[in-house]
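Q: Sequence first, then the predicted structure:
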Amino acid sequence: TLVGTPAAGSGGTYPLTIGATNGVSPNATQAFTLTVDEAPTITSAAATTFTAGMAGTFSVTTGHDFPAATTLASTGALPSGVTFTDNGNGTATLTGTPAAGSGGSYPLTLTAHNGTSPDATQAFTLTVGEAPSITSANATAFAVRSPGSFTVTTGHAEPTAALTETGALPNGISFTDNGNGTATLSGTPASASNGTYPLTFRASNGVSPDATQAFTLTVSLPASLPVWTVASDGGIFAFGNAGFFGSMGGQPLNQPIVGMAATPSGHGYWLVATDGGIFAFGDAAFYGSTGAIHLNKPIVGMAATPDGHGYWLVASDGGIFAFGDAAFFGSMGGQPLNQPIVGMAATPSGHGYWLVASDGGIFAFGDAAFFGSTGAIHLNQPIVGIASTLNGQGYWMVASDGGIFAFGNAGFFGSGAGSSAPPIVGISLDRASGGYWLIGQQGAVTPFNAPAVGSLPSPPARPIVGSASQ
């Protein structure tokens, strides 16, 4: 009996001689052939990686088999530019240059056949890596204080590219990799962030080379901004893109209007009268007034809190009246003053304020810092208003002749002295550029490092007494 299990790799032909003897000559002999058939095996790796645009090759190999030469075949879609060739010797070659855009994963099935069952099959994965490219535009434009968004996109890449940004971004703008081959440049550029920002975008996925793009973000000032002026009879005049939300013009007033303040949204405003009466319009809420109480001195101005949920009123003796979420940080009420208070400005945090007297004397409370005053110098005309810089590290005072006095980090952008605009009654901050407008009693709104928003074509029936901007 010829019996057993041929070992792996033993496939082939084994010539044998079988002899039979029984003591009677002659002995019998037989030339005998044992053939061991062996099914094929695939011995090469089950995966390889090529790179798009670069020549690649991979050899498929098989193990010992018998009887016929093993043939190799592949099923499954191949990337453009790549072929599978059976070499006729138990090997095959996967070779070629994957076309641009062919990056990805290609599942294949390799089959080896030599007539002995079973055929050998192998689940094989060809991965085509592809370096990234950036396909979006190389520039965009945002506007100060207006939401903006730009999507950075990449071309076909394998694996998915990660995106990064280098270069200083304007305050209020961020760069976010979305994890899907795109990124987003978005946000609301902060006040005074106008300018040109050179950036570099980089896309990388481990396949060289990385893609880079020189990108330019331009932040411009808005074409128009909201400015309101108010007359002593409560009439409202809207300039730029300011909305009209109502007025007291033509309505009976116990006392004349002396000032106003706008809500942070720009969709409302408050008017204040000399008796502290408050008139709220648009999304401005009423938080209280002094209209029904006795005042030692008349109200001369007001300021809103940063969130618009409160406001301060100031009297000519420096008395402060706080309403809503406006906190009391101190006052000059009951203190001797060389000249009466004519206005106030709040710090950007809402945790302090400045009072200004007609001689330019400054009184700082809360987190409002003292940066200087004109209290000890001769003025040609009295001070009539004050405005804080965007970050609260300085302020401007304006005199009735349009003279500007800048302190701290407040820049001097020009004055109305000698112009036809006086008498000036106030100053309003341009929150986009950091400049200012001077407000004339007869309706002029004069810009300095701020966009022109227009003026009244003729003097109003009642004099302008205040203004607000947003």
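A: Yep, it's here.
Q: And residue 261, how far from residue 61?
A: Going from residue 261 to residue 61 by CB to CB, to the nearest Å gives 83 Å. Any C-beta I mention is one placed from the backbone N, CA and C, and that applies to glycine too.
Q: More neighbours: which of those two?
A: Remark: of residue 261 and residue 61, residue 261 carries more neighbours, 26 against 16, as counted by other CB atoms under 10 Å.
Q: Look up how far residue 356 lies from that one.
A: 16 Å.
Q: what do you get for residue 240?
A: Separation of residue 240 from residue 356 (CB to CB): 26 Å.
Q: who has more neighbours, these two?
A: Set residue 240 next to residue 356 and count neighbours by other CB under 10 Å: residue 356 wins out with 29 against 22.
Q: what residues does the helix or strand hosting that one touch?
A: Using DSSP states H and E, residue 356 falls within strand 352-357. Here strand 352-357 makes contact (CB atoms under 8 Å, 6 or more residues apart in numbering) with 303, 312, 314, 318, 320, 329, 331-332, 337-347, 362-368, 375, 383, 385-386, 388, 395, 397.
Q: okay but residue 201 is in contact with residue 152, surely?
A: Yes. Taking CB atoms under 8 Å as the definition, residue 201 is a contact partner of residue 152 at 5.7 Å.
Q: Need the residues touching each of these two.
A: Common contacts of residue 201 and residue 152 (CB under 8 Å, 6+ apart): 134, 163, 183.
Q: and which of these is nearest residue 276?
A: residue 183 (52.7 Å; CB to CB).
Q: Direction included, what does the host helix or strand of that closest one pair up with?
A: Secondary structure from DSSP H and E places residue 183 in strand 182-187. Sheet pairing here is set by DSSP bridges, and for strand 182-187 it gives strand 148-153 (antiparallel), strand 173-177 (antiparallel).
Q: Which residues in it does the neighbour count mark as buried?
A: 182-183, 185-187 (16 or more other CB atoms under 10 Å).
Q: Including distance to residue 10 and pLDDT, could these go into a markdown table?
A: Listed next are the buried residues of strand 182-187 as a markdown table, based on distance: CB to CB, whole Å; pLDDT from 0 to 100:
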| residue | distance to residue 10 | pLDDT |
| --- | --- | --- |
| 182 | 58 | 98 |
| 183 | 60 | 98 |
| 185 | 68 | 98 |
| 186 | 69 | 98 |
| 187 | 73 | 98 |
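Q: can you list the residues you listed in a markdown table and add distance to residue 127?
A: Listed next are the buried residues of strand 182-187 as a markdown table, based on distance: CB to CB, whole Å:
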| residue | distance to residue 127 |
| --- | --- |
| 182 | 22 |
| 183 | 25 |
| 185 | 31 |
| 186 | 34 |
| 187 | 37 |
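Q: Spatially, which two of those are the most separated?
A: Longest span within those, CB to CB: 182 and 187, 16.5 Å.
Q: What count of nearby residues applies to residue 200?
A: Neighbours around residue 200, by other CB under 10 Å: 12.
Q: Test my guess that it contacts residue 163.
A: No. Assessed by CB under 8 Å, residue 200 is found out of contact with residue 163, at 11.2 Å.
Q: For the residue nearest the centre of the chain, give me its contacts.
A: By CA atoms, centre = their mean, the mean C-alpha position of the chain lies nearest to residue 186, the distance being 2.5 Å. Residues near residue 186 by CB under 8 Å, 6+ apart: 147-150, 173-174, 176.
Q: Relative to residue 203, how far out is it?
A: Per CB to CB, residue 186 is found 18 Å from residue 203.
Q: And the strands in the stretch 201-350 of the chain?
A: Taking DSSP state E, counting those that start in this stretch to define them, one finds strands in the stretch 201-350 of the chain at 211-220, 227-231, 236-239, 257-262, 268-273, 278-282, 299-304, 310-315, 320-324, 341-346.
Q: go on, the stretch 351-470 of the chain?
A: Along the stretch 351-470 of the chain, the segments classed as strands by DSSP E, counting those that start in this stretch run 352-357, 362-366, 383-388, 394-399, 404-408, 424-429, 436-440, 445-448, 464-469.
Q: mind giving me a markdown table with those strands and columns for distance to residue 98?
A: Shown next, in a markdown table, are the strands of the stretch 351-470 of the chain (distance: least, CB to CB, whole Å):
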| stretch | distance to residue 98 |
| --- | --- |
| strand 352-357 | 66 |
| strand 362-366 | 67 |
| strand 383-388 | 62 |
| strand 394-399 | 62 |
| strand 404-408 | 63 |
| strand 424-429 | 60 |
| strand 436-440 | 62 |
| strand 445-448 | 60 |
| strand 464-469 | 60 |
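Q: Contacts only, for the residue lying closest to residue 201 once chain neighbours are set aside.
A: Nearest non-adjacent residue to residue 201, counting by CB to CB, 6 or more residues apart in numbering: residue 213, 4.6 Å away. By CB under 8 Å, 6+ apart, the contact list for residue 213 reads 134, 138, 200-202.
Q: Then residue 6?
A: 36, 38.
Q: Return the per-residue confidence for it.
A: For residue 6, the pLDDT comes out at 92.
Q: do the same with residue 9
A: At residue 9, pLDDT is 85.
Q: for residue 421, same thing?
A: 65.
Q: Tabulate the strands paired with strand 182-187 (JSON lines), appending mean pLDDT and mean neighbour count.
A: Formatted as JSON lines, these follow (pLDDT from 0 to 100; neighbours: other CB atoms under 10 Å):
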{"stretch": "strand 148-153", "mean pLDDT": "98", "mean neighbour count": "16"}
{"stretch": "strand 173-177", "mean pLDDT": "98", "mean neighbour count": "16"}
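Q: Indicate which one of these is closest to residue 249.
A: Distance to residue 249, taken as CB to CB, is lowest for strand 148-153 among those, at 37.3 Å.
Q: Next SSE downstream of the closest one?
A: strand 162-166.
Q: what's the average pLDDT for that next one?
A: 98.
Q: Determine the angle, from 0 to 180 degrees, between it and strand 182-187.
A: 40 degrees (axes from the mean of the first three to the mean of the last three CA atoms, to 10 degrees).
Q: Please write out the alpha-carbon positions of strand 162-166 in CSV.
A: Below are the C-alpha coordinates for strand 162-166, written out as CSV (Å, rounded to 0.1, in the frame of the first residue of the first chain):
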residue,chain,number,x,y,z
ALA,A,162,-5.6,68.6,6.3
LEU,A,163,-5.5,72.4,6.0
THR,A,164,-3.5,74.9,8.0
GLU,A,165,-3.1,78.7,7.9
THR,A,166,-0.1,80.9,8.7
